[in-house]
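J.: What would the 3D arrangement of this be:
(chains A and B)
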There are 2 protein chains.
Amino acid sequence: MPQVSSFDLLLFGGSGDLAMRKLLPALYYRHRGGDLPAHGRIICLARQKLGRDVFVSMVRDSFARFVAAEDLSDTEFDGFAARLDYVAVDAGSEEDFRQLAAKLRDSPAEVITPNSRVVLEKPLGRDLASAQKINEDVGSVFDEPQIFRIDHYLGKEPVQNLMALRFANALLEPLWNRMWVRDVQITIAEQVGVEARAGFYDRTGALRDMVQNHLLQLLCIVAMEPPSSIDPDAVRDEKLKVLRALHVMSPTEVMTHTVRGQYRAGAINGQPVRGYLDEPDIPAESMTETFVAIKAELNNWRWSGVPFYLRTGKRMQERVAEIVVNFRHVPHAIFPSGPGGMVSNQLIIQLQPEEELKLYLMAKVPGDAMTIKPVYLNLDFSEQFKQRPMDAYERLLLDVIRGKLTLFMRRDELDAAWRWIEPILHGWTAGGDWGPAASSALVGRDAAAWHEET
Amino acid sequence: MPQVSSFDLLLFGGSGDLAMRKLLPALYYRHRGGDLPAHGRIICLARQKLGRDVFVSMVRDSFARFVAAEDLSDTEFDGFAARLDYVAVDAGSEEDFRQLAAKLRDSPAEVITPNSRVVLEKPLGRDLASAQKINEDVGSVFDEPQIFRIDHYLGKEPVQNLMALRFANALLEPLWNRMWVRDVQITIAEQVGVEARAGFYDRTGALRDMVQNHLLQLLCIVAMEPPSSIDPDAVRDEKLKVLRALHVMSPTEVMTHTVRGQYRAGAINGQPVRGYLDEPDIPAESMTETFVAIKAELNNWRWSGVPFYLRTGKRMQERVAEIVVNFRHVPHAIFPSGPGGMVSNQLIIQLQPEEELKLYLMAKVPGDAMTIKPVYLNLDFSEQFKQRPMDAYERLLLDVIRGKLTLFMRRDELDAAWRWIEPILHGWTAGGDWGPAASSALVGRDAAAWHEET
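T.: Model (predicted):
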């Protein structure tokens, strides 16, 4: 493990949902694992006026829910809490920032300021121009290698496994192209509605909120060429090539290759839920999409003609995030197949609700003459390694601490993603199909079908 | 399941080792499974003069060892024993055969004689001429579709699984050629010595006893092109093409591409064992090989330049039968590898001591940044099917009963195998390397190494 120099960590939005659920538990695990420097502080910042003690007991309460009981004792929590501080900061108040600066100056850690890093969470802009503005503002203070644009989907274990499977084995690469892959489906479906984010969400929509970042980043990991190393720029150059190879849609193609929708009133797990337009703080005439399905295409040798279907939405029947790679049928079937028929090979990289990597194959039924049936191979090797998989934020924050940029988005990736997204946003101002039924039609036109757990 | 017409089954060598250990237990399981016709008899024939009752109690005793206790009750055994009969037959006595014929005429089963089948076990000849003589003699009584030349290795579950994996999935075929396969190793190693077969074995040797049949048949299953169906002749045509593509060795190549040896005195599992020349009934000056290793090559597009290493021997350190497919290294490694280093992908089809199909891969260590380590995938799906795998003889006898010739050798396969074996036998009369050390050198010349369990 590389030696890490001492640092203070500032957590903006430090009393918020992400901090409580994910970031502070992740930091707690890395504290326990000995990856945080001895005297480094974690200074949480938010608008709310709170005393340190109140804040620490808030964290203790949230850990009871978000840290496994067997990993949490009072002694261990107290050791972690000794790092915690809280400062109320109003983003508009210079005085607040002056006080924060003073606090940082008398750090018990030997902080080396030229080495400071900034981690940015989405949203990073709402179109190309606003994203560029953010990147320029941040770039005026930090150099690009100091900027960690986080996408937690890239920190998930099965995504990492996919990279290892692809680039450390002969197994997948010969199959990983237009000759053998029929289509790729990337889905992030949420059961929740807009919740407390109504105002923000209505200005944003599913395309900006999910496709521009998470779905395109996953697409890059699936589609990229083998990089020459796992150095940050080697990997990000390959991802950038994928983003730049995305076929930019004409206004007509936006009509035929995208589908959007808004959730209506219905039921989730037997509980009635409101429609989007009836949510508090959503204007009754809102046209914001809460569902989007897109047929993306890549203009390159490896993937020409292979559809990459992307879909995401709120208030879907199931919470699921997955990448499904559908291989072509074998060119000619020779075995009698049992009930279930002959199924093409399928690689499923599931990120939610479980982290799983499974390969679906046809195998011979034991004993029986030569009947074949679908089976799956579990490609999650954590049992063989006898090691707890890390949470995505835990791994990514550790990468920030160690200065590893490989899994973080570079500025030009962000630009390229927006350049592909913008024509869709423009096309939609002129209309476009609506809803999940149209989304099935989108896939059905290619004689394919969305992957659904049966 | 196809309806099977009634039949009597004659078992030559009916009191022998193979009958007691394998064939009668296999028939017992098929009796229990309802696959034998209601009134069909199993008439065991051997030279020994035995009464039926004595024979049946011999069978009962051997079942105590070779049938799982939970599958055997007195009632079930009695049901099976009702089929059993025993007739002492001296192969040279016409009178004995006349009596046998009379016994067959008053069968309780409605036997349809034009449909009779003959199952032949090895040895089928000791060179091309003698094999052809046997085939002509058998052919004068039975048509080719009535002749079932058995090779029990082809009935083993992992061999069947390999066929299903290859031809019912997109996964392996793109890898299954000279581009991605570095070498194939087929090993059948026995711990036993010549045992009670000394006289026969010394006239035969490992090349005739094992390579000509078992090892070449396994090579055919690995190397064959996808057949257009699993009809017997479609599969056997493809196997024949493999046998005919085997590069026939010149006398010089026999010196460089083959190694033979004879076991000496040593120890197996801590017990001292005799050398071959000290075994009873082995002539002191015997030159018969008990070990052979061969580098075989195929003259075709798919496999040109890929060595198929074959090796078999008696009194080896371990009892193991396996096919190992070594894939090439990934062309370029980008991940740091943990202890164990970077290992190429390997498919291991183990037939003995366990029936297993495993794929060795590199996978990411969970949590850790991007370290990869070797892991394996178990491709034995019997747990998912919740079904007991059949013993090889059980499956093959069932195929005989159902008239399925796919897994049995056709006459021209036998000829082709002998045509490749004979030049090696001839080359050896002029000398050749000896022993397992030379066998390592044989593989080492290609910068490869035999697969050994570590």
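J.: Measure how buried residue A:387 is and give me the count.
T.: 13 (other CB atoms under 10 Å in any protein chain shown). C-beta coordinates here come from the backbone N, C-alpha and C atoms, glycine included.
J.: Point out the residues in the stretch 51-200 of chain A that sit beside chain B.
T.: A:157, A:160-161, A:163-165, A:167-171, A:173-175, A:179-180 (CB under 8 Å from any CB of the partner chain).
J.: Show the buried residues in those.
T.: Neighbour-count burial (16 or more other CB atoms under 10 Å in any protein chain shown) is assigned, among these, to A:157, A:160-161, A:163-165, A:167-171, A:173-175, A:180.
J.: Just the ones of those residues in helices?
T.: Using DSSP state H, the members of those that fall in helices are A:157, A:160-161, A:163-165, A:167.
J.: Got phi/psi on the closest residue to residue A:121 other than its chain neighbours?
T.: Once flanking residues are discounted, residue A:121 sits nearest to residue A:150: 5.7 Å by CB to CB, 6 or more residues apart in numbering or on different chains. When read as degrees, to the nearest 10, the backbone of residue A:150 gives phi -90, psi 140.
J.: Return the residues in contact with the residue most central in space within chain A.
T.: In chain A, the C-alpha nearest the mean C-alpha coordinate belongs to residue A:153, at 2.7 Å (CA atoms, centre = their mean). Applying CB atoms under 8 Å, 6 or more residues apart in numbering or on different chains to residue A:153 gives the contacts A:159, A:188, A:214, A:217-218, A:321, A:351, A:392.
J.: Kindly report the same for residue A:165.
T.: Counting by CB under 8 Å, 6+ apart, residue A:165 touches A:171-172, A:357, A:379, B:361, B:363.
J.: do residue A:175 as well
T.: A:181, A:327, B:170-171, B:174.
J.: quick one on the thing from earlier: which one of the buried ones among the residues of the stretch 51-200 of chain A next to chain B is nearest residue B:205?
T.: Ranked by distance to residue B:205 (CB to CB), these are led by residue A:170 at 37.5 Å.
J.: Give me the neighbour count for the residue nearest to residue A:121.
T.: 21.
J.: what do you get for residue A:45?
T.: Neighbours around residue A:45, by other CB under 10 Å: 21.
J.: Please name the bridge partners of it.
T.: Here residue A:45 sits in beta bridges with residue A:12, residue A:87, going by DSSP bridges.
J.: for residue A:323, same thing?
T.: Counting by DSSP bridges, the residues bridging with residue A:323 are residue A:186, residue A:349.
J.: What pLDDT is listed against it?
T.: Confidence at residue A:323, expressed as pLDDT, is 96.
J.: Go ahead and confirm it touches residue A:181.
T.: No. Counting by CB atoms under 8 Å, residue A:323 sits too far from residue A:181 to count as a contact (11.9 Å).
J.: What about the residue lying closest to residue A:20 once chain neighbours are set aside, how many residues nearby?
T.: Among residues not flanking residue A:20 along the chain, residue A:62 sits closest, at 4.1 Å (CB to CB, 6+ apart). Residue A:62 has 17 neighbouring residues, counting by other CB under 10 Å.
J.: And residue A:62, how far from residue A:393?
T.: 14 Å (CB to CB, to the nearest Å).
J.: same question, residue A:441
T.: Distance from residue A:441 to residue A:393, by CB to CB: 37 Å.
J.: With residue A:292 instead?
T.: 25 Å.
J.: now do residue A:85
T.: Taken as CB to CB, the span from residue A:85 to residue A:393 is 20 Å.
J.: for residue A:99, same thing?
T.: From residue A:99 to residue A:393 the distance is 28 Å (CB to CB).
J.: Give me the more crowded residue out of those two.
T.: Set residue A:99 next to residue A:393 and count neighbours by other CB under 10 Å: residue A:393 wins out with 21 against 14.
J.: I figured that one hits residue A:155, correct?
T.: Yes. Using CB under 8 Å, residue A:393 is in contact with residue A:155, at 6.6 Å.
J.: What residue in the stretch 201-350 of chain A comes nearest to chain B?
T.: residue A:327 (4.4 Å; CB to the nearest CB).
J.: Residue A:182 is in contact with that residue, correct?
T.: Yes. Residue A:327 lies in contact with residue A:182 (CB under 8 Å); the separation is 6.3 Å.
J.: can you pull the buried residues of the longest helix along chain A?
T.: Counting residues, the longest helix found in chain A (DSSP H) is helix A:411-429. By 16+ other CB under 10 Å, the buried positions in helix A:411-429 come out as A:411-418, A:420-421, A:424-425, A:427-428.
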